[in-house]
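> sequence-free structure coming up:
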């Protein structure tokens, strides 16, 4: 199984980034909500950071999977038997 871990990790971070960004946008009009963070909408900014990170991991993983698909299969090493599917 040749699953690149960047794909599910990217999807997870993208999903969390979308949820956190949406929460930041939904609570943007509440001035007292972000009083402890000096009025900075931390949820929106960190949601965008997670969204960008997740998308980059996903795209890098997809690129790696495409590169693996174009490589010829490796011959089995000496002493190793190949099983059919």
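Here it is on my side, so go on. Model, not experiment: these values are computed from the prediction.

> going forward, measure contacts and count neighbours with C-alpha atoms only.
Fine.

> who are the contact partners of residue 16?
47, 50-51 (CA atoms under 8 Å, 6 or more residues apart in numbering).

> so where does residue 69 fall, helix or strand?
Using DSSP states H and E, residue 69 sits within helix 42-70.

> could I get the buried residue list for that helix?
Buried residues in helix 42-70, defined by neighbour count with 16 or more other CA atoms under 10 Å: 43-48, 50-62, 65.

> need the contact list for the residue positioned nearest the centre of the chain.
Central residue check for the chain by CA atoms, centre = their mean: the C-alpha nearest the mean position is that of residue 10, 1.3 Å away. Residue 10 is in contact with 53-58, counting by CA under 8 Å, 6+ apart.

> residue ranges with poor pLDDT in this structure?
When residues are selected by pLDDT under 70, those of the chain lie in 1, 76, 79-85.

> can we see that at 80?
The model of the chain has pLDDT under 80 over residues 1-3, 31, 39, 67-85.

> residues of stretch 16-36 that come out buried?
16-22, 24, 28, 34.

> ok, back up a step: what packs against the helix holding residue 69?
helix 6-26 (3 or more CA pairs under 8 Å, 6 or more residues apart in numbering; DSSP states H and E).

> and the angle for the helix it packs on with helix 42-70?
160 degrees (axes from the mean of the first three to the mean of the last three CA atoms, to 10 degrees).

> chain center to helix 6-26, what's the gap?
8 Å (CA atoms, centre = their mean, to the nearest Å).

> over to stretch 17-27?
How far stretch 17-27 lies from its chain's middle: 17 Å, per CA atoms, centre = their mean.

> now the residue lying closest to residue 22 once chain neighbours are set aside: how far from residue 23?
Sequence neighbours aside, residue 44 is the residue nearest to residue 22 in space, at 7.3 Å (criterion: CA to CA, 6 or more residues apart in numbering). Noted for residue 44: a distance of 7 Å to residue 23, by CA to CA, to the nearest Å.
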